[in-house]
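A.B. asks: my questions concern the predicted model and sequence given below.
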Amino acid sequence: MDEEAKNEIRKIALQNAFEHEGKTQDKIVLAKILGTKPEFRTRVKEISEEIKTIVSEINQLSFEEQKKVIEENFPDILIPKEKTEEREGLPLLKNAEHGKVVTRFPPEPNGYPHIGHAKAAIINAEYAKMYGGKFILRMDDTNPEAERMEYHAAIKVGLDWLGIKFDVIKNTSDDMEIFYEKGIELINSGKAYVCTCKREDISENRRERIACKCSREDIKQSNKGWEKMFGKFKPGDAIVRFRGDMKADNAVMRDPVLFRIIEEKHYTLGNKYRVWPSYDFAVAIEDSIDGVTHAFRSKEFELRKELIDAILDALNMRKPYQDFFSRLEFKGMPISKRILKPLIEEGKVSWYDDPRLPTLESLRRRGIKPEAIKKFILSLGLTKANTLAPFDALESFNRKFVDADSIRLFMVSKPKKLTIKKLPFSFVEIANHPIKNMGKRKINIDENFYISGEDVENMKGTQIRLLGLGNIKISKNNGELLGEFTEGESNSDIQKIQWIPQKDAHMIKILIPKQLFIDEKFNEDSLEELEVYTEPHYLELKDGEEIQFVRFGYCRKDSQNQAIFTHK
RNA sequence: GCUCCUGUGGUGUAGUCCGGCUAAGCAUACUGCCCUCUCAAGGCAGUGAUCUCGGGUUCAAAUCCCGACGGGAGCACCA
């Protein structure tokens, strides 16, 4: 073996020993050599013998001796390694060209937007942004039975609040004529047929993997059937089915529905149409004609990928790249309407904006900032593993945004009266924020105060400090307290507590949302209500402002007499 | 039941495609210290993972292969 190679081994062994308190291992040195110098990979046997000898030599040296050898021969080892900056954000895309990426968010206006919508919207928006591409909002409104203007509007409001911008805004139903055209094309090429079987039979045939008689009819018959769907047939009488593969393992491929008849009035188009495309058909066509290059959807659509590709192939249309991510739900905070609806009907939850819910509106009322939601969602990445995130993950992101400009206010719960003698002043000025310059507020005082019951219980000794005011020596403590103002050091380690002047104390209710469900069961104590006193300055704040009640936590002002607890 | 997806510290994830340069990175939580007239924020340090388990391939496996087990989803004329 040549000296150069031996030297290389020695260097790596020494470096490893140096990084691990003077001990190294031949296995690791081998791996490192082979990792950095691929040219050695052809002579593993030879090298590993050499490494064994070198490693045992080095391990016999003391740490000091090793250091000396390093200094003499390989001084560059001692230069601390620069940490490589981790790339922020979503993983890079394959087959993506800057400026040519088009993504989309296609919500169905059938409910209020929630954190799950936020995830889909943010991921797709982020990719469009990363690649300087285009982002489309497409209201997926092809089931008139479920969709309402109210939801349509709520989704827009939610997305707007999140700060998501779109280059194109459209409705799937804008392209009804195109769906018909493509539908006819499929029928005429024999790749789709009209099926008049009963719903139950279709379902059973799917399970049994048997084709029905309609699929054997000729194109002419299907054409007739198609005509009748626009007139004579009633809802349920006939559907258009894609000729997939009734034997396929993927049940989605077993001749799925392309069109069905729905007579319900559509929320924007009224009774203009009665033959509506199914989700799979509409998405396939829309993504293709909208120029969508990358479509990210949540995992429950994963089996649909094959179908969408098959439909587009059958029509000779361009296919987008599709990828999937896991659904996002918070622990004990269900998203599903099936669970939420009864809760609202029973009055256990006030409405879809109840602060315990994961809807965007609830999150907003609760004081969660859109920036925090975005960072949080991006931190989750594109994983397909089920994510049941604890809410405090979101909270910690939010705290950072909120802390910077939340006014600090005093608030006292379970109030106890405190009378202070010998107060030398009639008002104090207190900074609104400890670091940021947010001005000061003036608090008028006389000798009558409230302090928190809990602070009274935890009181040690007779000295307390009222924040921003001064030290108080307590002389009497039997339900009501009596104290005396004393001069004293401000940085002593006596208890520092907040207070409220009795004469201007403003009572508010604080709503404290807790986990809605615990182990699948509704948590009867999920909303705590606290009656507290706060400063009159509260009344001057705008609704929606974020406050930090000192030593309590962050709250969002909901109204003049109600605040909602955001988090600690 | 069938089919598909998934399984990394207390939690959420990076790394897995293309095995070695990471004795597993980051964030959060927790603990301690510093700062502080807040139990917040900020700064510093620390605890914490034989990468679900069992086999196999290889000089070398979180990474590839096989099997088991756990979790989730789909099996609608919903999206």
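C.D. replies: Perfect, thanks for sending it.

A.B. asks: show me which residues of the stretch 101-250 of chain A are close to RNA strand B?
C.D. replies: Within the stretch 101-250 of chain A, the positions adjacent to RNA strand B are A:106, A:108, A:110, A:140, A:142-143, A:146, A:197-199, A:202-203, A:206-207, A:235-239, A:249-250 by CB under 7 Å from any atom of the strand. Placement of C-beta: from N, CA and C, glycine included.

A.B. asks: just the buried residues of these.
C.D. replies: A:106, A:108, A:110, A:140, A:142-143, A:197, A:202, A:206, A:238-239 (16 or more other CB atoms under 10 Å).

A.B. asks: now pLDDT and distance to A:His506 too, for the residues you listed, in TSV please.
C.D. replies: Rendered in TSV, the data for these read as follows (pLDDT from 0 to 100; distance: CB to CB, whole Å):
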residue	pLDDT	distance to A:His506
A:Pro106	97	47
A:Glu108	97	44
A:Asn110	96	42
A:Asp140	97	47
A:Thr142	97	52
A:Asn143	97	49
A:Cys197	95	69
A:Ile202	95	65
A:Arg206	93	64
A:Ala238	96	66
A:Ile239	97	63
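
A.B. asks: can you tell me which of those residues end up in helices?
C.D. replies: A:202, A:206 (DSSP state H).

A.B. asks: among the buried ones among the residues of the stretch 101-250 of chain A next to RNA strand B, which two are most distant?
C.D. replies: Farthest-apart pair in these is A:Pro106 and A:Cys197; separation 30.0 Å (CB to CB).

A.B. asks: please enumerate the helices of the stretch 351-500 of chain A.
C.D. replies: Ranges of helices in the stretch 351-500 of chain A, per DSSP state H, counting those that start in this stretch, are A:360-366, A:370-380, A:391-403, A:453-457.

A.B. asks: which of these sits most buried?
C.D. replies: Compared across the helices of the stretch 351-500 of chain A, helix A:360-366 shows the largest average neighbour count, a mean of 23 (mean count of other CB atoms under 10 Å).

A.B. asks: from the stretch 451-568 of chain A, which residue is nearest to RNA strand B?
C.D. replies: A:Arg551 (2.8 Å; CB to the nearest atom of the strand).

A.B. asks: tell me the contacts of the closest residue to that residue other than its chain neighbours?
C.D. replies: Residue nearest to A:Arg551 in three dimensions, not counting chain neighbours: A:Gln498, with 6.0 Å by CB to CB, 6 or more residues apart in numbering. Shown in contact with A:Gln498 (CB atoms under 8 Å, 6 or more residues apart in numbering): A:410-412, A:451-452, A:466-467, A:549-551.

A.B. asks: now with 6 Å, please.
C.D. replies: Going by CB atoms under 6 Å, 6 or more residues apart in numbering, A:Gln498 touches A:410, A:467, A:550.

A.B. asks: show the buried residues in those residues.
C.D. replies: A:410, A:550.

A.B. asks: break down the stretch 251-400 of chain A into its strands, ranges please.
C.D. replies: A:257-261, A:275-277, A:294-298, A:321-325, A:328-330, A:387-389 (DSSP state E, counting those that start in this stretch).

A.B. asks: count of residues packed around A:Asn477?
C.D. replies: Using other CB atoms under 10 Å, A:Asn477 has 14 neighbouring residues.

A.B. asks: tell me what it is bridged to.
C.D. replies: A:Leu481 (DSSP bridges).

A.B. asks: A:Val456 versus that one, what's the distance?
C.D. replies: 7 Å (CB to CB, to the nearest Å).

A.B. asks: ok, A:Ile184 next?
C.D. replies: 80 Å.

A.B. asks: likewise for A:Asp245?
C.D. replies: Distance, A:Asp245 to A:Val456, by CB to CB: 75 Å.

A.B. asks: what is the end-to-end distance of stretch A:14-33?
C.D. replies: By CA to CA, to the nearest Å, the extent of stretch A:14-33 from end to end equals 12 Å.

A.B. asks: hmm, that stretch touching RNA strand B?
C.D. replies: Yes - Stretch A:14-33 is in contact with RNA strand B by CB under 7 Å from any atom of the strand, via A:16, A:19-20, A:23-25, A:27-28, A:30-32.

A.B. asks: now that stretch, how far from the centre of its chain.
C.D. replies: 42 Å (CA atoms, centre = their mean, to the nearest Å).

A.B. asks: over to stretch A:371-378?
C.D. replies: On CA atoms, centre = their mean, the centre of stretch A:371-378 falls 6 Å from that of its chain.

A.B. asks: what are the boundaries of the helices in the stretch 201-350 of chain A?
C.D. replies: Under DSSP H, counting those that start in this stretch, the stretch 201-350 of chain A gives helices at A:219-229, A:279-289, A:304-314, A:337-345.

A.B. asks: hmm, who's touching the shortest one?
C.D. replies: Translated: helix A:337-345. With CB under 6 Å, 6+ apart, helix A:337-345 has contacts from A:111, A:349.

A.B. asks: and that helix, what's its mean pLDDT?
C.D. replies: Mean pLDDT, computed over helix A:337-345, is 92.

A.B. asks: do the same with stretch A:243-252
C.D. replies: On average, stretch A:243-252 scores 93.

A.B. asks: just stretch A:544-561 next, same as before
C.D. replies: 97.

A.B. asks: repeat for stretch A:446-461
C.D. replies: Mean predicted confidence for stretch A:446-461 is 92.

A.B. asks: what's around A:Arg43, how many residues?
C.D. replies: 12.

A.B. asks: let me see the domain layout of chain A.
C.D. replies: Annotated domains of chain A cover A:3-78, A:176-279, A:407-568 [automatic domain parsing].

A.B. asks: so which of the helices of the stretch 201-350 of chain A gets nearest A:Phe135?
C.D. replies: Closest among the helices of the stretch 201-350 of chain A, using CB to CB: helix A:279-289, at 13.3 Å.

A.B. asks: A:Gln495 and A:Thr462 touch, don't they?
C.D. replies: No - the pair A:Gln495 / A:Thr462 is not scored as a contact, 10.8 Å apart, by CB atoms under 6 Å.

A.B. asks: report the buried residues of stretch A:298-317.
C.D. replies: Buried-residue list, stretch A:298-317, by 16+ other CB under 10 Å: A:298, A:301, A:304-308, A:310-312, A:314-315.

A.B. asks: angles on the backbone of A:Asp218, please.
C.D. replies: Torsion angles at A:Asp218 (phi, psi; degrees, to the nearest 10) stand at phi -90, psi 180.

A.B. asks: against A:Asn188, how distant is it?
C.D. replies: Taking CB to CB, one finds A:Asp218 at 11 Å from A:Asn188.

A.B. asks: who's more crowded, the two?
C.D. replies: Remark: of A:Asp218 and A:Asn188, A:Asn188 carries more neighbours, 13 against 9, as counted by other CB under 10 Å.

A.B. asks: what sits closest to that one if chain neighbours are left out?
C.D. replies: That would be A:Ile219: by CB to CB, 6+ apart, it lies 6.2 Å from A:Asn188.

A.B. asks: do you know how far that neighbour is from A:Tyr273?
C.D. replies: In terms of CB to CB, A:Ile219 sits 24 Å off from A:Tyr273.
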